[in-house]
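In: sharing a sequence plus its predicted fold:
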Amino acid sequence: MSSSTKSAAVVNYSEVKGSVEIREIPIPEIGEDDVLLAIENVGVCGSDLHQWTSDHSWQVNYPVVLGHEFGGKIASLGARVTGWKVGDRVVSETAAVIDTQNPMSRVGLYNLDPTRKGFGYGVNGAMTKFVRVPARCLHQIPDSLSFEHACLTEPCCVAYNSVVGNSNVKPGDRVLVIGPGTIGILCAAVARLCGAEVAILGLEADRGRLEIARKYGVEPFINSASDWAKKRDGLGADLVVDAAGVSATLKIAMDLVRPNGQITKVGWGPQPLNFSIDQIVQKNVRLQGSFSHNWPIWEKVIGLLASGALDVNPIIGGVWPITEWHEAFEKMHTGQVVKSILKPV
């Protein structure tokens, strides 16, 4: 462990737009059921950007260290922690605080516990050198899986839960993904693994990210994917995954999904809708939300990453030291890269 008692951290300190800066924070003390994790890499999520620009729709416990996509090595163990040792290579789930007696937690869906608090908004996250993590959140990763890739287990789990857990995708299905951010591209990649024919829709400003999606065998479109969605029989896509960070894209999804098809909404958008959703009724469409993930999903995804079946390398736009967080955020915010990764110093 570091001989210093403090480390640099990327801190979101108020709800005012742009209220993020590097601060020196104490190395956290851990409880009996926690580990102290020495962070190797942490991914920048769109939700980190939303907190930076203050257009998020969730409650934040300010001040808070950002970052919930992370992996590292165990630096020390709480008194009651078993099954782990110092030096183990791990990634961590995001459900930092849960009520184990909540009905959702008791059936294994602790990600849906209404009292859940996650890293990076509810409790201090991983854009720093050391983070306190409950041992129940940990998953071991093989030596063959680099931390630069392993730290993206979390967004891969979001995509897996959206496409595999909360959608019904069969080989030969046609799947349209709206929004070529990290989650959208990973949703498209997972749909391809399921044997679907996949397209992804973005805007002119997304051209670079759409070309990255093409590396996953996904057909990219700018502004409209109507012809692709309807070319087989004129009825639309079997599944539309809405991974855009706005509400209005639900209208596109309703237009392009086929009757008796499904729309899965995974992108957050706080804006109110100003249109009718009668098409969902008329088309007999299933509208499904998808949030977060749980233990078995993490195990599946780690297996996919370790085997190479799911390759995150194409979406990684660079690795920056934590002190250069602003450039890493800006590159993602302006669409120059799909995913920025930070490295503690």
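Out: Thanks, I have the structure now.
In: can we go C-alpha only for contacts and neighbour counts from here?
Out: Noted.
In: so, low pLDDT: which residues of the stretch 51-200 of the chain?
Out: Within the stretch 51-200 of the chain, no stretch falls below the threshold (pLDDT under 70).
In: make it 90
Out: 55-57 (pLDDT under 90).
In: residue 175 is in contact with residue 194, isn't it?
Out: No: when contacts are counted by CA atoms under 8 Å, residue 175 is not listed as touching residue 194 (10.5 Å).
In: can you work out which residues contact both of these two?
Out: Shared contacts of residue 175 and residue 194, defined by CA atoms under 8 Å, 6 or more residues apart in numbering, are absent.
In: of the two, give the one with the bigger neighbour count.
Out: residue 175 (29 against 17; other CA atoms under 10 Å).
In: mind giving me the packing neighbours of the helix or strand in which the more buried one is found?
Out: Using DSSP states H and E, residue 175 falls within strand 174-178. Judged by 3 or more CA pairs under 8 Å, 6 or more residues apart in numbering; DSSP states H and E, strand 174-178 is in contact with helix 182-193, strand 197-202, strand 237-242.
In: okay, angle between it and strand 197-202 too, please.
Out: 20 degrees (axes from the mean of the first three to the mean of the last three CA atoms, to 10 degrees).
In: so what strands line up beside strand 174-178?
Out: Here strand 174-178 is paired, per DSSP bridges, with strand 197-202 (parallel), strand 237-242 (parallel).
In: looking at the ones you listed, which is nearest to residue 79?
Out: Residue 79 lies closest to strand 237-242 among the strands paired with strand 174-178, at 43.9 Å (CA to CA).
In: and that closest one, how far from the chain's centre?
Out: Taking CA atoms, centre = their mean, to the nearest Å, one finds the center of strand 237-242 at 19 Å from the center of the full chain.
In: for residue 26, grab phi and psi.
Out: phi -70, psi 150 (degrees, to the nearest 10).
In: ok, residue 149 - contacts?
Out: Counting by CA under 8 Å, 6+ apart, the residues that residue 149 touches are 305, 312, 313.
In: out of the residues you listed, which sit inside helices?
Out: Applying DSSP state H to the contacts of residue 149, the entries found in helices are residue 305.
In: run a quick neighbour tally on residue 205.
Out: 12.
In: confirm that it sits in a helix.
Out: Yes: secondary structure of residue 205 (DSSP: H, G, I helix; E, B strand; the rest coil): part of a helix.
In: next, the contact list for it, please.
Out: Per CA under 8 Å, 6+ apart, neighbours of residue 205: residue 335.
In: now do residue 6
Out: 24, 25, 26, 27.
In: filter the residues you listed down to the buried ones.
Out: Among the contacts of residue 6, those classed as buried by 16 or more other CA atoms under 10 Å are 25, 27.
In: and the helices in the stretch 101-250 of the chain?
Out: Here the stretch 101-250 of the chain has its helices, by DSSP state H, counting those that start in this stretch, at 103-106, 147-150, 153-160, 182-193, 207-214, 226-230, 249-256.
In: and the last one, which residues are buried?
Out: To tie it back to what came earlier, the one meant is helix 249-256. 249, 250, 253, 254, 255, 256.
In: repeat for stretch 227-242
Out: Quick answer for stretch 227-242 (16+ other CA under 10 Å): 228, 229, 230, 236, 237, 238, 239, 240, 241, 242.
In: ok, and the closest non-adjacent residue to residue 283?
Out: Spatial nearest neighbour of residue 283, chain neighbours left out: residue 259 (4.4 Å); criterion: CA to CA, 6 or more residues apart in numbering.
In: now name the helix or strand holding the one you found.
Out: strand 257-265.
In: helices or strands up against that strand?
Out: strand 237-242, strand 286-289.
In: OK, contacts around the closest residue to residue 122 other than its chain neighbours?
Out: Spatial nearest neighbour of residue 122, chain neighbours left out: residue 61 (5.4 Å); criterion: CA to CA, 6+ apart. Applying CA under 8 Å, 6+ apart, one finds that residue 61 lies in contact with 121, 122, 123.
In: most packed of the helices and strands packed on strand 174-178?
Out: Highest mean neighbour count of the helices and strands packed on strand 174-178: strand 237-242, a mean of 29 (counted as mean count of other CA atoms under 10 Å).
In: before we move on, back to that, give me the number of residues near the residue nearest to residue 283?
Out: For residue 259, using other CA under 10 Å, the count is 19.
In: next SSE downstream of the strand holding residue 259?
Out: helix 278-282.
In: mind checking how far the residue lying farthest from the centre of the chain is from residue 227?
Out: The outermost residue of the chain, judged against the average C-alpha position, is residue 233 (33.6 Å), by CA atoms, centre = their mean. According to CA to CA, to the nearest Å, residue 233 and residue 227 sit 11 Å apart.
In: same deal with residue 41?
Out: Distance from residue 41 to residue 227, by CA to CA: 41 Å.
In: likewise for residue 264?
Out: Taken as CA to CA, the span from residue 264 to residue 227 is 21 Å.
In: any idea how many residues pack against residue 278?
Out: 10.
In: and for residue 130?
Out: 29.
In: and for residue 316?
Out: Other residues close to residue 316 by other CA under 10 Å number 18.
In: now residue 32
Out: Neighbours of residue 32 (other CA under 10 Å): 12.
In: how many other residues sit next to the nearest residue to it once chain neighbours are set aside?
Out: Closest residue to residue 32 apart from its sequence neighbours, by CA to CA, 6+ apart: residue 78 at 4.1 Å. Other residues near residue 78 come to 16 when the count uses other CA under 10 Å.
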